[in-house]
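1. pasted the sequence and its predicted model underneath.
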Amino acid sequence: MTERPLGIRQLLSHDARRHRELLGGHVVESGLKLWIGMLSPRFAPVLLYRLAHRCHRGPLSPLARLFSLLNFLLFGIEIAVACKIGPGLFFPHTHGTVIGAFTIGKNAVIYQGVTVGAKDLDFTYDADHRPSIGDNVILGAGAKVLGGIELGSGVTVAANAVLLSSVPDNVVVGGIPAKILKSRNS
């Protein structure tokens, strides 16, 4: 049985809860405080990405490009509108970040200066050229994750690492090129 995809309101609700959880605040389920929280410099890029991704196919695709451009101009983050990212997305800081993964799972934490995408010029946007990233992944500041590789769930990529090969679940990778530094029990 396939899981039904979440709607934009559900995704944003999951994202908002995750933000509050990670920032140590109480969870605001609804109301004015929830909407004001969406205007923070940590959450607004997620909101703009969700709107762009929602609009990217069909007659609203020009609007998707506008949301994506706003994200770049206001927050210095470039996220491919075709990239599917699960709920719970969190950006502690955004400037200099480029996200061109094929997919990213739920509860991803992506720091500033991260690049996720193809190793070479790729306009086909497929899993053969772009990373597929599991759930509960942390990408440290300045990390580079390149090529048609797979990152398992629970992976931490250290700051400034350059990851060019697939890695299993629950590992910490670092270095240039990145290698497994530590394996964690699940």
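-> Thanks, I have the structure now.
2. quick one: Ser13 is in a strand?
-> No - under DSSP: H, G, I helix; E, B strand; the rest coil, Ser13 sits outside any strand and is assigned helix.
3. any idea which helix or strand in the protein has the lowest mean pLDDT?
-> helix 32-37 (a mean of 67; mean pLDDT, DSSP states H and E).
4. quick one: name whatever helix or strand follows that helix.
-> On the C-terminal side of helix 32-37, the closest following helix or strand by DSSP states H and E is helix 44-55.
5. mean confidence for that next one?
-> What helix 44-55 shows for mean pLDDT is 95.
6. next secondary structure element downstream of it?
-> Next along the chain after helix 44-55, taking DSSP H and E as the criterion, comes helix 61-75.
7. after that following helix, which helix or strand is next? Please name it.
-> Defined by DSSP H and E, the subsequent element after helix 61-75 is strand 77-79.
8. which elements pack onto that following strand?
-> Other helices and strands packing on strand 77-79, by 3 or more C-beta pairs under 8 Å, 6 or more residues apart in numbering; DSSP states H and E, are helix 44-55, helix 61-75, strand 97-99. C-betas here are computed from N, CA, C, even on glycine.
9. so what strands line up beside that strand?
-> For strand 77-79, the paired strands and their directions (DSSP bridges) are strand 97-99 (parallel).
10. need the contact list for Leu60.
-> Arg54 (C-beta atoms under 8 Å, 6 or more residues apart in numbering).
11. low-confidence ranges, this structure, go.
-> Counting by pLDDT under 70, the chain shows low-confidence ranges at 1-3, 25-38, 186.
12. and if we set it to 80?
-> The model of the chain has pLDDT under 80 over residues 1-5, 24-40, 57-58, 122-124, 185-186.
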